[in-house]
Every structure is written in structure tokens, then in C-alpha cells.
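**Q** Structural data only, the sequence is not supplied:
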């Protein structure tokens, strides 16, 4: 994204709605991505990330998990 990275976008979304589930789809390595998130954005601990290429089954399972988590809250 040319103006914001995903973390900055997430922070802006959180300013509007702090309950919404956010799923990052990344081409990066999850371990690096999670380390960067924890170091730079510790307040964004409820992000789910999945790595490209995405299998349909994994995407559906991830979205269903996010929806179930939201409903539980």
C-alpha cells in the first residue's frame, strides 16, 4: 500500500472499531511478521495472519475462526 502499511491501517481501523477481527494476508514469513508486530505494534495483538499462496480451505477456516472469536466476545 503506498501510504500506509498494514499495521498503520490496522491502528486506524481500531480507532473506529476495536472489536472487528482483522486478517492479514501476507507474502512474508509469519515468524518475521509476528515478531515485527510484537515489537512495533504490541497493542495489535488480535491480528490473524495467513501466508500467500492461500488455499481456499485454509482461508475459509481462518475466516470462520475469526467470526467465532468475534461472536464469543
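**A** Nice, thanks for sending it over. All figures in this text were calculated on a predicted structure; none of them were measured in a lab.
**Q** Any chance of the backbone angles for residue 5?
**A** Dihedral angles of residue 5 (phi, psi; degrees, to the nearest 10) stand at phi -90, psi 170.
**Q** Residue 54 too?
**A** Backbone phi and psi, for residue 54 under degrees, to the nearest 10, turn out to be phi -100, psi 130.
**Q** wait, what's in contact with residue 26?
**A** In this structure, residue 26 makes contact with 6, 33, 49, 50, 51, 52, judged by Cβ atoms under 8 Å, 6 or more residues apart in numbering. All C-beta spots, glycine's among them, are computed from the backbone N, C-alpha and C.
**Q** got the residue ranges for the helices in the protein?
**A** 6-16, 30-40, 56-72 (DSSP state H).
**Q** just the contacts of residue 26: which has the poorest pLDDT?
**A** Scanning those for pLDDT, the smallest score is found at residue 33, 65.
**Q** so where's this protein shaky on pLDDT?
**A** Low-confidence regions of the chain, defined by pLDDT under 70, span residues 1, 28-34, 36-37, 42-47, 70-73.
**Q** Kindly reformat the contacts of residue 26 as CSV and extend each row with neighbour count and distance to residue 65.
**A** As requested, the contacts of residue 26 are exported to CSV (neighbours: other Cβ atoms under 10 Å; distance: Cβ to Cβ, whole Å):
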residue, neighbour count, distance to residue 65
6, 19, 19
33, 18, 18
49, 16, 12
50, 16, 11
51, 14, 16
52, 8, 18
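**Q** Done for today, thanks.
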